[in-house]
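**Student:** quick one, fold the following:
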Amino acid sequence: MHKLIHIILDNYKEEIKVVEESNLNDFNNVEQGISISRQYLQKLRICERENEFVDKKNEIIFFKKHKPYIYSRLKFYAKLYNFLINRPAGIIKSQQEFIDSEINRLQESNRRNIDFIKYYREDSELLDEFYFLRGNDKISLVSNTSHFYTDAEFSTSHDNVIAKIMAYDLLISHYVEELSNLRDLSYGIPNKLNTLSNGERLGWTASKTDLIELIYALQASGAIKSGTAGINFQPFNDCFFERFQRVFPWPKRIVDFFTNSI
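**Tutor:** So this is what the prediction gives:
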């Protein structure tokens with residue numbers, strides 16, 4: 001069983017890596033993260049159901065390390081999907097305030113569970129037999145009564161709590177990065193989307209006419225915001241062309257054309 005579990009985990013890490021390295025502001029990528037995580041969590045469930053743990057130590061490791069690794073990412077992508085739905089599409093300040101409120105909400109949840117978080121972060125083992133062995137939980141140690149309604153064969157009193165802590169760590173890290181990106185935008189610092197891993201920046205190198213034709217074609221095809229995105233030139237700092245320029249910076253002569261000639 002030990003070998004089967006590690007095969008499942010290794011395959012999961014390989015598949016989810018593609019999602020982790022993608023643009024997580026894209027609903028399709030987040031949905032893929034949810035789908036892959038659900039699929040592999042079910043594989044773990046079947047593996048655990050059809051096989052026996054060698055000893056209590058292996059069972060503890062499964063519910064303390066292995067299951068939460070996948071389950072936490074399922075929670076992360078599910079929460080991130082909801083975040084994208086509710087994230088305001090307005091000015092930078094409103095987005096920053098929304099993300100700040102999300103971080104505060106997660107941190108407040110962590111504060112309510114501070115004792116177990118300390119136990120987890122210190123990698124303590126003193127109470128593992130009560131936290132991570134099935135059917136061996138102590139009611140006095142259970143802070144969330146929803147545990148009593150979960151699948152007793154595939155859960156312990158605290159494997160879900162571990163997954164939640166890990167998911168919140170991932171979310172906070174992602175939110176902090178989003179705040180950093182927004183701060184960079186407010187200071188006029190180029191978006192990371194146009195920078196390769198070697199530091200080389202991507203920029204527009206074709207003609208002004210090619211650029212205009214491409215942007216009009218994208219708008220006409222309905223590929224951007226279902227064709228409803230406006231492409232008026234003025235004000236330039238709030239139009240379709242300017243947004244395109246953030247991803248693929250243009251030579252100064254083209255920028256001058258739009259800001260001075262139109």
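
**Student:** pLDDT weak spots in this protein?
**Tutor:** Within the chain, the stretches with pLDDT under 70 are 136-151, 188-208, 211-212, 219, 224-262.

**Student:** how about a cut-off of 90?
**Tutor:** Low-confidence segments of the chain, defined by pLDDT under 90: 1-2, 21-23, 89-92, 112-113, 135-155, 157, 177, 180-262.

**Student:** quick one: the helices in the stretch 1-150 of the chain?
**Tutor:** Here the stretch 1-150 of the chain has its helices, by DSSP state H, counting those that start in this stretch, at 2-20, 27-50, 56-61, 67-86, 92-111, 114-121, 128-131.

**Student:** what angle separates the fifth one from helix 67-86?
**Tutor:** Meaning helix 92-111. Using axes from the mean of the first three to the mean of the last three Cα atoms, to 10 degrees, the direction of helix 92-111 lies 150 degrees away from that of helix 67-86.

**Student:** who touches helix 92-111?
**Tutor:** Applying Cβ atoms under 8 Å, 6 or more residues apart in numbering, the contact partners of helix 92-111 are 83, 86-88, 117, 165, 168, 171-172, 175-176, 178-179, 182-183, 185-186. No exception for glycine: its C-beta is placed from N, CA and C like everyone else's.

**Student:** next one: the fourth one
**Tutor:** Contacts to helix 67-86, defined as Cβ under 8 Å, 6+ apart, come from residues 9, 12, 16, 19, 24-25, 27, 30-31, 33-34, 37-38, 40-41, 44, 98, 102, 154, 159-160, 162-167, 170-171, 174.

**Student:** next, the angle helix 2-20 makes with that helix.
**Tutor:** Using the same axes, to 10 degrees: helix 67-86 against helix 2-20 is 20 degrees.

**Student:** and helix 67-86, C-alpha only, in PDB?
**Tutor:** Taking C-alpha atoms only, helix 67-86 is exported to PDB below (Å, rounded to 0.1, in the frame of the first residue of the first chain):
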ATOM      1  CA  LYS A  67      -4.200  12.800   2.100                       C
ATOM      2  CA  PRO A  68      -3.900  16.500   3.200                       C
ATOM      3  CA  TYR A  69      -1.400  17.200   0.400                       C
ATOM      4  CA  ILE A  70      -4.100  16.500  -2.200                       C
ATOM      5  CA  TYR A  71      -7.100  17.600  -0.200                       C
ATOM      6  CA  SER A  72      -5.500  21.000   0.600                       C
ATOM      7  CA  ARG A  73      -5.000  21.700  -3.100                       C
ATOM      8  CA  LEU A  74      -8.600  20.800  -3.900                       C
ATOM      9  CA  LYS A  75      -9.700  23.200  -1.200                       C
ATOM     10  CA  PHE A  76      -7.200  25.800  -2.600                       C
ATOM     11  CA  TYR A  77      -8.500  25.700  -6.100                       C
ATOM     12  CA  ALA A  78     -12.200  25.600  -5.000                       C
ATOM     13  CA  LYS A  79     -11.600  28.700  -2.800                       C
ATOM     14  CA  LEU A  80      -9.700  30.400  -5.600                       C
ATOM     15  CA  TYR A  81     -12.500  29.800  -8.000                       C
ATOM     16  CA  ASN A  82     -14.900  31.500  -5.700                       C
ATOM     17  CA  PHE A  83     -12.400  34.300  -5.200                       C
ATOM     18  CA  LEU A  84     -12.200  34.900  -9.000                       C
ATOM     19  CA  ILE A  85     -16.000  35.000  -9.200                       C
ATOM     20  CA  ASN A  86     -16.200  37.700  -6.500                       C
END
